[in-house]
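Asker: Please work out how this folds:
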Amino acid sequence: MTWFLQYYRLATVSACLLLLVLGYLFLIAPRIESARAVEVLALQKEKEKQSSFEAKLKYLVSLQSQRAQFSQADINLALTALPTDPGVPEFLASLESLALESGATIEGISLAVLEPAKGSPAASTKDTKDKDKLPAGVRVLEGNISLAGASYGQVKTLLGNIETSLRLMDVAALLYSPAAKTYTIAVQTYYQP
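Answerer: Residues are numbered from 1 along each chain as shown. Coordinates of the predicted model:
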C-alpha cells in the first residue's frame, strides 16, 4: 500500500499515456490512413478530369485555328454537298441540268423523303448491310427519274454525271422497260437537319 501511495501519480500518468498511445495506434491511425487513401484517390480522379479537360480544350483550340483557315466559300461548298434541308428545288434543278448535259430527256420525276427506321439510327437495322447504314441524323431524299427515248450512251453519261455531281448522290436502282423503251433511275441524295 505504501508503494501505491508513493507512486500512484506516476502510475496514473503512465497508464494514461499508455491508453493514449494504444488508442492512437488502434483507433485513430487506421482512420487517418483510410482518409489519406480516399484523398489520394480523389486527387487522382481530379487530375484525370483536369487532363481530360485540357486535352479537350487543346482539341477545340486546334479546331478553331483550323476553322480560321477555311473561307466562307469552302463552308458553303461543304453545305452544298450535304445540306441542312432536303433542298427539293435545288435537287430537281441539278437532276434536270445533269440530264441536259447527258442529252437525255426527263419524262417525269417523283420524289420521296425517306424517314429513318424508328428506334434505330438512320437506316441501320440488323438486316441491312454495312454499306446501307447512314450516320445518325442523316436523312435521305429519293427521286425516281423516268427517261423517255434515251439511248444507252446517254444513260451511261447521265450516271457518270450523277456520280461526279457536287451534291452527294447515289444511284439506288436502274430499271429498263423494253416495251416502253424507258429507263427509270432511282437517285438518292442526303441531308442532315
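
Asker: Please count neighbours and contacts with C-alpha atoms only from this point.
Answerer: Will do.

Asker: ok, longest helix in this protein?
Answerer: Ranked by residue count under DSSP state H, the longest helix found in the chain is helix 29-69.

Asker: and that one, average pLDDT?
Answerer: The pLDDT scores in helix 29-69 average 88.

Asker: how far out from the middle of the chain is it?
Answerer: In terms of C-alpha atoms, centre = their mean, to the nearest Å, the centre of helix 29-69 is found 24 Å from the chain centre.

Asker: Likewise for stretch 170-190?
Answerer: In terms of C-alpha atoms, centre = their mean, the centre of stretch 170-190 is found 32 Å from the chain centre.

Asker: and what of stretch 178-193?
Answerer: Distance, centroid of stretch 178-193 to centroid of chain: 29 Å (C-alpha atoms, centre = their mean).

Asker: After the helix-or-strand element of the chain with minimal mean pLDDT, heading C-terminal, what element do we hit next?
Answerer: Ranking every helix and strand in the chain by mean pLDDT, DSSP states H and E puts helix 72-81 at the bottom, with a mean of 68. Heading C-terminal from helix 72-81, the first helix or strand you meet, by DSSP states H and E, is helix 88-102.

Asker: residues making contact with that next one?
Answerer: Applying C-alpha atoms under 8 Å, 6 or more residues apart in numbering, the contact partners of helix 88-102 are 105-106, 154-155, 157-158, 161-162.

Asker: ok so, going back, can you name every helix or strand that the longest helix of the chain contacts?
Answerer: The contact analysis (3 or more C-alpha pairs under 8 Å, 6 or more residues apart in numbering; DSSP states H and E) places helix 29-69 against no helix or strand.

Asker: For Val13, pull up the helix or strand it's in.
Answerer: Short version, using DSSP H and E: Val13 is in helix 2-23.

Asker: low-scoring stretches of this protein, by residue?
Answerer: Within the chain, the segments meeting pLDDT under 70 span 1, 3-4, 74-81, 116-132.

Asker: If we use 90, what do you get?
Answerer: 1-15, 22-43, 60-142, 145, 147-155, 158, 161-170, 172, 174-183, 188-193 (pLDDT under 90).

Asker: what angle sits between the longest helix of the chain and helix 2-23?
Answerer: Angle between the axes of helix 29-69 and helix 2-23 is 20 degrees (criterion: axes from the mean of the first three to the mean of the last three C-alpha atoms, to 10 degrees).

Asker: what's near enough to touch Tyr183?
Answerer: By C-alpha under 8 Å, 6+ apart, the contact list for Tyr183 reads 146-148, 150, 174-177.

Asker: Tyr176 should be in a helix, yeah?
Answerer: No: using DSSP: H, G, I helix; E, B strand; the rest coil, the assignment for Tyr176 is strand, not a helix.

Asker: ok, back up a step: return the member of the contacts of Tyr183 nearest to Gln69.
Answerer: Comparing the contacts of Tyr183 against Gln69 with C-alpha to C-alpha places Leu174 closest, at 41.3 Å.

Asker: Just give me the neighbour total for the closest residue to the closest one other than its chain neighbours.
Answerer: Take Leu174 and drop its neighbours on the chain: the residue closest to it by C-alpha to C-alpha, 6 or more residues apart in numbering is Ile185, 4.6 Å away. Counted with other C-alpha atoms under 10 Å, the neighbours of Ile185 add up to 21.
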